[in-house]
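Trainee: predicted structure and sequence below. I'll ask about it afterward.
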Amino acid sequence: MSILLIIPLVSLVLPDVQFSPDENRILTQFPKFSVDNFIDGRYMKKAEKYTADQLVGRTSWIKTKTNIDRLLQKNISNGIYLGTEGTLIENFNPLPTEDLNRTQAAINAFYENHPDLKTYFMVAPNAISIYSDKLPANAPVINQKSSILAFTSGLNSGITILDPSSILEVNKASALYYKTDHHWTTLGAWLAFQGVAEAMEIKPNLDAYTVYPVTYDFSGALVSKSGYSLKNKDSIEVYLPKSEDDYSVVTYVENQKKSPSLYNSEQLTGKDKYGVFLDGNHPLVTIKNHVNNNRNLLIIKDSYANAFIPFLTPYFSEITVLDPRYYFDSLENLILESEITDILYLYNANTFFRDTSLESVLNDV
């Protein structure tokens, strides 16, 4: 009884934690009360998420529960499957259809208001789709490919759908996804780029890069989120242009910090080593490149895009990168000021089918 009383009280007294480096996500903050939210149940749902995210000793409790589950021969923890070859695979749990329909309607409406912009849409499959053979036997999972197809089939016919699944399936014997993290590897991003380049009117140079490993000590967010203890670590590679003429200047707009590189090696000293790509997630980033072809690309994205973007830089004069989860300014003004000619929506399925921030940005609310 003391434990049940003391732990919640301590959790309430201690200041809220804003961000979990172990899980690489923003934690739920104390919800604002309103009569409408209370009546329709949204307040209680947010309050439940808040208490779970802000529970004191959260990481230790997760690991303790996982160790007990392992003793009981369970192979899923906190939505993460323990697959074969020590591979952690995040489960696919999309939002209800009505939420996805609102996002779909927002994308279509935005395209109809901007028919002059070339618009591309890509939802990358996750490991649960490509590496389904590594899942535990009879794991009850939703077919991710069917969900992606159902969503994209309802988009305006003028939007070009990019589908990298075929080339990923062909190369599934390679390390396309990290074993300890939910992201695809740089090889996965590179192959996906090759698979969709033609649809984006790009002819890729397959011999343009030299591959360099930058760490062999990457233990990703799925380890912390699941509580599974894995002995093996992942390696991270970067693809650097062979040509000295291929350069970019990156500006992180929120703090006006400039960098001559698409990579930040300082991130390799921290927990989230995937942050080496474009210094992690930022509300708005601009990338000026060496080409001058009057193609200015706006990428509306999640973190999967960070490893993909370096392969786009030789083909656009300027790339503007927007993360709807952290961006709260006018999208219309941004398009005008940046003289955008092309738009690419680039998400992974697990994030896209769970996130509602895109609708707000497209509707400018």
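Mentor: Sure thing, it's come through. Numbers count the residues shown, from 1 in each chain.

Trainee: where does the stretch 1-150 of the chain have low pLDDT?
Mentor: 11, 19-25, 36, 40, 57, 59, 62-63, 66-67, 69-73 (pLDDT under 70).

Trainee: for it, just list every one of the strands.
Mentor: 19-20, 25-26, 76-77, 80-82, 88-90, 118-124 (DSSP state E, counting those that start in this stretch).

Trainee: please parse the chain into its domains.
Mentor: In the domain annotation for the chain, the residue ranges read 2-86, 94-362 (automatic domain parsing).

Trainee: return the most buried member of the ones you listed.
Mentor: domain 94-362 (a mean of 18; mean count of other C-beta atoms under 10 Å). All C-beta spots, glycine's among them, are computed from the backbone N, C-alpha and C.

Trainee: show me how far that domain is from its chain's centre.
Mentor: Remark: domain 94-362 is offset 7 Å from the chain centroid, using C-alpha atoms, centre = their mean, to the nearest Å.

Trainee: give me the residues contacting the longest helix seen in the chain.
Mentor: Criterion DSSP state H: the longest helix present in the chain is helix 97-113. Here helix 97-113 makes contact (C-beta atoms under 8 Å, 6 or more residues apart in numbering) with 94, 117, 119, 121, 151, 154-156, 158-159, 345, 353, 356, 358-359, 362-363.

Trainee: torsion angles phi and psi at the nearest residue to Tyr216 once chain neighbours are set aside?
Mentor: Nearest non-adjacent residue to Tyr216, counting by C-beta to C-beta, 6 or more residues apart in numbering: Ser235, 4.6 Å away. The phi and psi torsions at Ser235 (degrees, to the nearest 10) take the values phi -110, psi 150.

Trainee: go ahead and confirm Ser235 touches Phe218.
Mentor: Yes. Proximity of Ser235 to Phe218 meets the contact threshold set by C-beta atoms under 8 Å, at 6.6 Å.

Trainee: in strands only, show me the contacts of helix 97-113.
Mentor: In this view, those that belong to strands under DSSP state E are Thr119, Phe121, Tyr345.

Trainee: which parts of the stretch 151-300 of the chain are helices?
Mentor: 165-170, 186-196, 221-226 (DSSP state H, counting those that start in this stretch).

Trainee: quick one: work out the angle between the second one and strand 118-124.
Mentor: In this case it means helix 186-196. 140 degrees (axes from the mean of the first three to the mean of the last three C-alpha atoms, to 10 degrees).

Trainee: residues making contact with stretch 41-50?
Mentor: Thr28, Gln29, Phe30, Pro31, Phe33, Ser34, Asn37, Phe38.

Trainee: could you export those residues as a markdown table, including distance to Tyr252?
Mentor: Below are the contacts of stretch 41-50 laid out as a markdown table (distance: C-beta to C-beta, whole Å):
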| residue | distance to Tyr252 |
| --- | --- |
| Thr28 | 26 |
| Gln29 | 24 |
| Phe30 | 29 |
| Pro31 | 30 |
| Phe33 | 35 |
| Ser34 | 35 |
| Asn37 | 34 |
| Phe38 | 39 |
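
Trainee: now, the residues you listed that are in helices?
Mentor: Short answer: these in helices (DSSP H) are Asn37, Phe38.

Trainee: looking at the contacts of stretch 41-50, spot the one nearest Gln18.
Mentor: Distance to Gln18 across the contacts of stretch 41-50 (C-beta to C-beta) is lowest for Gln29, with 7.5 Å.

Trainee: now do the strands in the stretch 151-300 of the chain.
Mentor: Going by DSSP E, counting those that start in this stretch, the stretch 151-300 of the chain shows strands at 160-161, 209-218, 234-241, 248-252, 257-259, 284-289, 296-301.

Trainee: coming back round to it: comparing the helices of the stretch 151-300 of the chain, which yields the minimum mean pLDDT?
Mentor: Across the helices of the stretch 151-300 of the chain, helix 221-226 has the smallest mean pLDDT, namely a mean of 90.

Trainee: if we can go back for a sec, ok, so of the contacts of stretch 41-50, who is nearest Gly83?
Mentor: The nearest one, if we look at the contacts of stretch 41-50 relative to Gly83 and count by C-beta to C-beta, is Thr28, at 28.1 Å.

Trainee: what sits against that closest one?
Mentor: Contacts of Thr28 by C-beta under 8 Å, 6+ apart are Lys46, Lys49, Tyr50, Ala52, Asp53, Gln54.

Trainee: switch to 10 Å and redo it
Mentor: Contact analysis of Thr28 by C-beta atoms under 10 Å, 6 or more residues apart in numbering lists Asp16, Val17, Lys46, Ala47, Glu48, Lys49, Tyr50, Thr51, Ala52, Asp53, Gln54.
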